[in-house]
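A.B. asks: Sequence first, then the predicted structure:
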Amino acid sequence: MKSPYVQNTVDTTPLQLTTKNRDSILTVANTVAVTVVLPPSADMVGYRITVKKTTAAGGGSAVTVDGYGAELIDGAASTAAIDAQYDTKTFQSDGTGWHIVRSMIAP
């Protein structure tokens, strides 16, 4: 049985996340550039969303994570990039924006 906390996508851009789960994981198996749009932070206070790229880099296949509307990530940037296979970023909402609380670079 698939966990309700894991969502998968392939070659869809932009992907608007609609999760209401407290901790969600999105694995992205893309061959073209993909933009993942986070849900409105006001609806997700304290929630975490992890985005993991599962395919090899190259050919313009970066994953861009975008705040909802004009929402910022880490108070300054409106986007965050994940460009290498198995790299992961975890975002947490404070109600007005998103913060990167964990960033893992694959070995």
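C.D. replies: The structure has been received and is ready for your questions. Numbers count the residues shown, from 1 in each chain.

A.B. asks: low pLDDT regions in this protein?
C.D. replies: 1-22, 57-60 (pLDDT under 70).

A.B. asks: show me what contacts the residue most central in space within it?
C.D. replies: Centre of the chain computed as the mean C-alpha position; nearest residue by CA atoms, centre = their mean is Val51, 3.9 Å away. Counting by CB atoms under 8 Å, 6 or more residues apart in numbering, Val51 makes contact with 25-26, 28, 36, 63, 65, 82, 88-91. No exception for glycine: its C-beta is placed from N, CA and C like everyone else's.

A.B. asks: swap in Gln85?
C.D. replies: Gln85 sits next to 53-57, 106 when contact means CB under 8 Å, 6+ apart.

A.B. asks: In TSV: these, plus distance to Ala70 and secondary structure.
C.D. replies: Formatted as TSV, the contacts of Gln85 follow (distance: CB to CB, whole Å; DSSP: H, G, I helix; E, B strand; the rest coil):
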residue	distance to Ala70	secondary structure
Lys53	25	strand
Thr54	29	coil
Thr55	30	coil
Ala56	33	coil
Ala57	29	coil
Ala106	31	coil
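
A.B. asks: Compare those residues and tell me which is most surrounded.
C.D. replies: Greatest neighbour count in these, by other CB atoms under 10 Å, goes to Lys53: 25 neighbours.
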